[in-house]
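A.B. asks: I'll drop the sequence and a predicted model, then ask my questions.
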Amino acid sequence: MKTVAAFAGAAVLLAACAPKVEQPSTADIQQARQAALSFEQQMKREITTRLERNDDAVAVYMSYADHAPEWAREISNRLELDFSRTALGVRNPANAPDDWEKQQLETFAFLMDSGLDPDTFEAAEIVQEGDATVFRWLRPVRMMDACLTCHGETIEQRIKLLLAQEYPLDEAAGYSEGQIGGAYSVRKVLRVGDQPAPAWTPIPEPVVLPADQRQPGDAPVVAPSSTPPE
């Protein structure tokens, strides 16, 4: 019994002496949630509503492809953080997860397979990246019915053509409703060494060629549908 008591006492002493792990602030977590909510509100207004009223699927896809990067850029600049979307299987290779994101996504998948509700999942952590102390946050995105137009098992042929031209290595199709399709991700530098984080550098607008300067291959070509949309 003395040995057990001594071991327990030593464990308590070691725990007390261990460096305290920095926890994310409530303010940073709330700001990350606000970033995700802002994106979802844009999605509902511009994309989901159009699908619900049976707008042409290709037109809706093109609207999403044109607007989603700008929504993320605007949110990042307004809140002064890096807001992005990622997944274990991405459509655009630029959205591939880094090591931290991949670990969280794999954990989410495991927890969902274990029967837990993915709507309750959230990861928030303070990590060290070289000299930088960084707040990281991730929340899964579930596939809803509207998402399946471009990410489901059955995709309209004209959208398939677009995807084949723009994303030949596409890994973001074949989902069913309710699955985790990816995640919203936030990264915010808190400080570098002992100094505050450098001032936010706004993400510039992407360069878009005027229509009369575009060359073949700069924009996808969509074959007309053989049958009019219902």
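C.D. replies: That came through fine.
A.B. asks: what stretches of the protein score poorly on pLDDT?
C.D. replies: By pLDDT under 70, the low-scoring segments of the chain are 1-19, 208-230.
A.B. asks: Quick one: classify the most centrally placed residue in it as helix, strand or coil.
C.D. replies: Compute the mean C-alpha point of the chain, and by C-alpha atoms, centre = their mean the closest residue is residue 85, 2.0 Å away. Taken by DSSP: H, G, I helix; E, B strand; the rest coil, the conformation at residue 85 corresponds to strand.
A.B. asks: show me what contacts it?
C.D. replies: Residue 85 makes contacts with 39, 68, 72, 95, 141, 182, 183, 184, 185, as judged by C-beta atoms under 8 Å, 6 or more residues apart in numbering. C-betas here are computed from N, CA, C, even on glycine.
A.B. asks: hmm, try it at 10 Å
C.D. replies: Applying C-beta atoms under 10 Å, 6 or more residues apart in numbering, we find residue 85 in contact with 36, 39, 68-69, 71-72, 91-92, 95, 141, 181-185.
A.B. asks: Do a quick rundown of the helices in this structure.
C.D. replies: Secondary structure of the chain (DSSP state H): helices located at 2-17, 26-43, 49-52, 57-79, 99-113, 148-151, 157-166.
A.B. asks: May I see the buried residues of the third one?
C.D. replies: Think helix 49-52. Under the neighbour-count criterion of 16 or more other C-beta atoms under 10 Å, helix 49-52 has 50, 51 buried.
A.B. asks: tell me what it is packed against?
C.D. replies: Counting contacts by 3 or more C-beta pairs under 10 Å, 6 or more residues apart in numbering; DSSP states H and E, helix 49-52 is packed against helix 57-79, helix 148-151.
A.B. asks: can I get those in TSV with distance to residue 51?
C.D. replies: Output for the helices and strands packed on helix 49-52, formatted as TSV (distance: least, C-beta to C-beta, whole Å):
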stretch	distance to residue 51
helix 57-79	6
helix 148-151	6
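A.B. asks: quick one, which of the ones you listed is nearest to residue 21?
C.D. replies: Closest to residue 21 of those, according to C-beta to C-beta: helix 57-79, at 25.1 Å.
A.B. asks: Let's see that closest one as PDB, backbone CA atoms only.
C.D. replies: The C-alpha trace of helix 57-79 is given here as PDB (Å, rounded to 0.1, in the frame of the first residue of the first chain):
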ATOM      1  CA  ALA A  57     -27.700  22.700 -61.800                       C
ATOM      2  CA  VAL A  58     -24.800  23.800 -64.000                       C
ATOM      3  CA  ALA A  59     -25.500  27.500 -63.500                       C
ATOM      4  CA  VAL A  60     -25.600  26.800 -59.700                       C
ATOM      5  CA  TYR A  61     -22.300  25.000 -59.800                       C
ATOM      6  CA  MET A  62     -20.700  27.800 -61.800                       C
ATOM      7  CA  SER A  63     -22.000  30.300 -59.300                       C
ATOM      8  CA  TYR A  64     -20.500  28.300 -56.400                       C
ATOM      9  CA  ALA A  65     -17.200  27.800 -58.200                       C
ATOM     10  CA  ASP A  66     -17.000  31.600 -58.900                       C
ATOM     11  CA  HIS A  67     -18.100  32.800 -55.400                       C
ATOM     12  CA  ALA A  68     -16.900  30.300 -52.800                       C
ATOM     13  CA  PRO A  69     -13.200  31.400 -52.900                       C
ATOM     14  CA  GLU A  70     -14.300  35.000 -52.700                       C
ATOM     15  CA  TRP A  71     -16.500  34.300 -49.700                       C
ATOM     16  CA  ALA A  72     -13.500  32.700 -47.900                       C
ATOM     17  CA  ARG A  73     -11.200  35.500 -48.800                       C
ATOM     18  CA  GLU A  74     -13.700  38.200 -47.600                       C
ATOM     19  CA  ILE A  75     -14.300  36.300 -44.300                       C
ATOM     20  CA  SER A  76     -10.500  35.900 -43.800                       C
ATOM     21  CA  ASN A  77      -9.800  39.600 -44.400                       C
ATOM     22  CA  ARG A  78     -12.800  40.800 -42.300                       C
ATOM     23  CA  LEU A  79     -11.900  38.700 -39.300                       C
END
